[in-house]
Every structure is written in C-alpha cells, then in structure tokens.
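Colleague: what follows is a protein structure lacking sequence information:
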C-alpha cells in the first residue's frame, strides 16, 4: 500500500537535495510535489489544502539544524503534519466500567463489515476479553450464516434470531444475552446497503437508541479514496460514530482514505484490515502509518507480528544455534514457515526500512525461490538436513535431492553454497560483526534470514535520518522531543 504516494513524495525530497538551506523559492517545488502526491492519492480536497498550507508555513519558518540537510528537515515537517491529520497516537477500543462493552458496527455493503466484526472479536479474544457476536443483518443473503461460520472459526459465540426477526429486537436481546452470560464485549453486525439511504440510517439510529453502544465503528473500504471521507461525514452527522475501521489496506490503496477519515469526522481510525484472513486486523498507529508512507518501514508492527507467532524458548534455542554455527536446514524450514504465518512476503518486506522499493516482480520471484528451496529441503533425509556439510561432500546425495525435488544439480549446489555462507555470516553477526548477508532464496535485496541483516536499523544519513554525529547534542534533544528522533 501507499507505493504511489511514497514515490511521489520522494520527488518532493529530491527538489531540495543539494540545497544548503530551505528558502521561500526552493520550497515551492517541494510543496507542489506534495500537493500532487496527495491529490493522486485521492485525499479529500479540503484536507489537501489544509495539509499543504501547514507544510508550507512550517517549512518557510524552519531553521535548518546544523548537519541536517534541507530535504531531511522537510521530511520531518511532512511527517509531523501526517501525524497531525491522522491523530497523534493509537486510540484503543473503549471498555465499559460495567460489562458488557457494546460495539455497534456500521457501513455499506461490500466494505467487509461482517468479516471485520469477526476480526475484531478475535483481536479482543487475544486480549482475554470474552465476546458475543450479534447477527443483526437480516437483509443481505447469507449474512447471518457468514457470521456464524466465522464465529465457529474463531471459537466465538454468535447470537441470532434468524432473518425474519426485527434487527432492533435482535440487538437488544443480544445485549441481554451477553449480560446474562457475563460476556465482556458484545459486537453487533448491522445491515448495510449499496449506498446510503434513509431506511438504513433510521434503523441504525433505532438500534443505537435501544442498546446505547459505547462504540459506533464505521467500516470503510480504504480503496474508495476521498469518497471514504464523504461517507464518514454522512454517517457521523446522521448517527454519530466514535471511530473507524479501514479495510482492504493490503490492496492497491492510494492512501486517500487513511489521510481523510479522521480529519473529516474528527473521530479516530481505530483498526485497519490488512488481509482476508480473520487474523488480519491491526490497531491503527498514526506514527507507524506515517513512517510507512514516507518509506521508512514499520519495525514495531513487524516485531509485534513476530511476537504473536514466535515461541520465546524456541527463539532462544535458535539464537544459540546461530551463535555456534549449528543452524541447519530444519531450522531454515521452520523460519520460512514462520514467515508464512506472519503474512505474505510482500507485506513483511514493506515493514522493513529500505525494503519499500522491492518490486512486485522481485517479490514474486522471492516467493518462487522459497518454494523451490522448500522442495529441495523436503527431499533431504533428516540426517542431511541436520548436517549440510554431508551434501557439500557428496555429489550423489545432491543428485538424489535434485531428482526428488524436480530441480537441477546446480540448483541444489547453489542452495547448499548459499546456506553455508549465510550460516557463517549469521555467526559473525551474533558475535557483533556486520558483514553483508548473502542472498538466500526468497529474500530480495541481499536479505538473509527473516529479520536479519540490519532489518529495522536505518543507515546513517538515510532518508529523514540525520547522519551520525550531526548537530549539537542540545539540538538533537530538541528534535527528539518533537518525536521524529524516536523513529
């Protein structure tokens, strides 16, 4: 996501490179590029005007810090303004003093509202909050069945009175059921329409009046651009929303919705959907999103993804193996499978600083290389996986693996050679040395294993990061206080 917006903003920084300071004349080209970037990203026009005006005003009055290039300073200004329009920090879901917390889900058909309802329930279950789903969409064919199926998938109960019941009664009785069963949170899935109409709004208003929800979350398709802002404004004016969930953020979204929704409604984006799987829901962090938009990656989200999947005891064992150069093909297979549970290779690469420029062709090739490596490893005996040196010494073993996996002898030899180089390099990294990592299968750009090779560590002087030792310590502290230095 945001590739086009990031590329366009890159053009803005380029107009200031080579300049020794920010001036009224050289800032005009940069601001013009920022305006184009936002318009092409389908950001709401009023939001664009306000954003550009603030950036221009702050840029013209900016005092360039010693050792910091004008383009780096301009990136900081844009970053801070992105935070300003998306919100300073994450706003968590409300939790009522007296259970249950009632969440009303609203939105048009096709936005992924029912799936988002189940995703939110799973997210709360991970926080050890018990949940009841209420199926109040009696109009869309199979909406109730879909929610029941999703409920079974995540082991969360679904309350339903069937498609002939009144949605207001369903919602009211669902809340009563949650109270009786001591449920922490009840999430009500309401009906949507293909477009906003009076009947839908009236029904939502009646349900809201009947159950008095603590949260009214509008589910918005992130691919609808500035239309998302108009939708948000209408729902907020008619029923009053407390937040939004942006779905389909893993698709070809241009970023307009993420940059418009909060500014238009005044209500925060609370979650984003980043895939079709029921696990693919993330809390929305404005600072992390701004970092992604500016091509700086999102290491914190990557770490959180890994934390959910990684067994700490297993991770410690893996670390010991790396340090002692005992990391083998079985371990490599475990790591690639772990990578798959964390999401698509492309999605993970976008979270790593400096990897936002990896093309879709490179990612596709990487996926194919991973599959090829997995096929060859699966053709090895347990003994060969544990001791890759056996394969380096035996051409007959390599030929057998090549035949068994459907690949050539050269492919097998190449895999073994790269693996041995990588194992040696990983040992050196563990000992505090940082040589360049060899490109293992499926890892674009010379990456080694997932999370290795300095991932998450911006290089000195890299976009938006001042070079090491630049500026006085006093001014560095001033930058850190602003928040940008914490990136």
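Modeller: Structure's in. What do you need? Fair warning: this is a prediction, and the values are worked out from it, not measured in the lab.

Colleague: okay, which residue is most central for the chain?
Modeller: For the chain, residue 274 is the residue whose C-alpha lies nearest the centre (C-alpha atoms, centre = their mean; 6.1 Å).

Colleague: dihedrals phi and psi, that residue?
Modeller: Torsion angles at residue 274 (phi, psi; degrees, to the nearest 10) stand at phi -120, psi 30.

Colleague: try the one 10 residues further on
Modeller: Backbone torsions of residue 284, given as degrees, to the nearest 10, read phi -90, psi 120.

Colleague: distance of the closest residue to it other than its chain neighbours relative to residue 236?
Modeller: Spatially, and ignoring its direct neighbours in sequence, residue 284 is nearest to residue 269 (4.4 Å; C-beta to C-beta, 6 or more residues apart in numbering). C-beta: built from backbone N, CA, C; applies to glycine. Separation of residue 269 from residue 236 (C-beta to C-beta, to the nearest Å): 13 Å.

Colleague: hmm, the residue nearest to the centre of the chain is touching residue 246, no?
Modeller: No - using C-beta atoms under 8 Å, residue 274 makes no contact with residue 246, being 9.5 Å away.

Colleague: show me the contacts for the residue nearest to residue 284.
Modeller: Contacts here follow C-beta atoms under 8 Å, 6 or more residues apart in numbering; on that basis residue 269 touches 86, 87, 243, 244, 245, 246, 258, 261, 262, 284, 286.

Colleague: from the residues you listed, which one has the minimum pLDDT?
Modeller: Lowest pLDDT of the contacts of residue 269: residue 258, 78.

Colleague: which SSE is it in?
Modeller: In this assignment (DSSP states H and E), residue 258 forms part of helix 256-265.

Colleague: residue 186 too?
Modeller: Element membership of residue 186 [criterion: DSSP H and E] is strand 185-189.

Colleague: elements contacting that strand?
Modeller: Counting contacts by 3 or more C-beta pairs under 8 Å, 6 or more residues apart in numbering; DSSP states H and E, strand 185-189 packs against strand 101-106, helix 113-126, strand 131-135, helix 167-180.

Colleague: try 10 Å
Modeller: The contact analysis (3 or more C-beta pairs under 10 Å, 6 or more residues apart in numbering; DSSP states H and E) places strand 185-189 against strand 101-106, helix 113-126, strand 131-135, helix 143-154, strand 157-159, helix 167-180, helix 198-211, strand 215-221.

Colleague: distance between that strand and the chain's centre?
Modeller: Computed by C-alpha atoms, centre = their mean, to the nearest Å, the chain-centroid distance of strand 185-189 equals 24 Å.

Colleague: now swap in stretch 183-203 and tell me
Modeller: Distance of stretch 183-203 from the chain centroid (C-alpha atoms, centre = their mean) equals 27 Å.

Colleague: can you give me the buried ones in that stretch?
Modeller: 183-193, 200-201, 203 (16 or more other C-beta atoms under 10 Å).

Colleague: any idea how far the residue nearest to the centre of the chain is from residue 116?
Modeller: According to C-beta to C-beta, residue 274 and residue 116 sit 12 Å apart.
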